[in-house]
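**Student:** fold the following and give me the result.
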Amino acid sequence: MTRRLLRERCILGENMGPPMLPTIYNNNFQIFQNAGTVAIFSEMIHDFRMVPINGGPHLPPGVRQWLGDARGHWEGSTLVVDTTNFTAQNPIHGSDENMHLVERFKRVRPDMILYRFTVEDPTAFTQPWSAEVPLTSAKGPIYEYACHEGNYGMAGLLSGARAEEKKAVEAATKGSK
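**Tutor:** Numbers count the residues shown, from 1 in each chain. Alright, predicted model coming up:
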C-alpha cells in the first residue's frame, strides 16, 4: 500500500516545517504576537504554528504532533523557539520523532528577519546541522490556498486503493475454497 504524503493530503505544507524551508511558491508568512503566544501563519495550506512564550514546559514525550511541541522565549531581540515531540513523519527527510529543533528569529532590518535553525536528531544525522534563511517583508495580502479544490487525483487514488483491496479479498476467498 502506498502512503500518501502529508502535502498531498493538504495536512501540512512543506514550507511551514518546522523548520521553515522555502519551496517553489507560497513562501509567505505572517507572524503575530500577544502576551503569551507567537503565531506563525503560512500562506501554503494555511498552517498556523502556535508557539507559547509563557515559560511553560514541553508536553510529555508520548504526546506527538505534526508540527512538534514548540516553546518560545526571548533572548534580547531574538525569538528562540525550541521544538520537540515530532511524529515520525517530519518534513526533514531522514529525521524521525527524535528530532530536536531550535529556531531563532531576529529582525536585522526593518524589512528582514534572519531565520536560523539547528536540527539535532541522533537517529538520523551524525551531528547537528544548521541553516539560515532571510525572510523579507512583502507588500500585499496573503492569498487563499485552496488545496483540495479540483483535486481529482485523490478520488482516483482512493478508488484504485479500494479496487485493489476488493481484488485481494476476492483472491483470498477464492483460494480458501
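**Student:** may I have stretch 23-37 as PDB, with CA atoms only?
**Tutor:** The C-alpha trace of stretch 23-37 is given here as PDB (Å, rounded to 0.1, in the frame of the first residue of the first chain):
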ATOM      1  CA  THR A  23       9.600  25.800  -1.700                       C
ATOM      2  CA  ILE A  24       8.700  26.700  -5.200                       C
ATOM      3  CA  TYR A  25       5.900  29.100  -4.300                       C
ATOM      4  CA  ASN A  26       3.700  30.400  -1.500                       C
ATOM      5  CA  ASN A  27       6.600  31.100   0.800                       C
ATOM      6  CA  ASN A  28       4.800  34.000   2.600                       C
ATOM      7  CA  PHE A  29       4.300  34.100   6.400                       C
ATOM      8  CA  GLN A  30       2.700  36.400   8.800                       C
ATOM      9  CA  ILE A  31       3.900  36.500  12.400                       C
ATOM     10  CA  PHE A  32       1.700  37.700  15.200                       C
ATOM     11  CA  GLN A  33       2.300  38.100  18.900                       C
ATOM     12  CA  ASN A  34       0.200  38.600  22.000                       C
ATOM     13  CA  ALA A  35       1.200  38.500  25.700                       C
ATOM     14  CA  GLY A  36       1.700  34.700  25.800                       C
ATOM     15  CA  THR A  37       1.900  33.400  22.300                       C
END
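**Student:** any chance you could list what contacts that stretch?
**Tutor:** Contact with stretch 23-37 is made by 13-15, 20, 38-44, 50-54, 105, 113, 135, 138, 142, 145, as judged by Cβ atoms under 8 Å, 6 or more residues apart in numbering. Every residue, glycine included, has its C-beta placed from N, CA and C.
**Student:** endpoints of stretch 57-77, how far apart?
**Tutor:** Using Cα to Cα, to the nearest Å, the end-to-end distance of stretch 57-77 comes out at 22 Å.
**Student:** give the rounded mean pLDDT of it.
**Tutor:** On average, the pLDDT along stretch 57-77 is 94.
**Student:** ok, residues contacting it?
**Tutor:** 6, 11-12, 16-18, 38, 47, 49-53, 55-56, 79-87, 89, 97, 99, 101, 106-107.
**Student:** so how far is the lowest-mean-pLDDT helix or strand in the chain off the chain centroid?
**Tutor:** Here the helix or strand of the chain ranked lowest by mean pLDDT, DSSP states H and E is helix 152-175, holding a mean of 85. Chain-centre distance of helix 152-175: 31 Å, with Cα atoms, centre = their mean, to the nearest Å.
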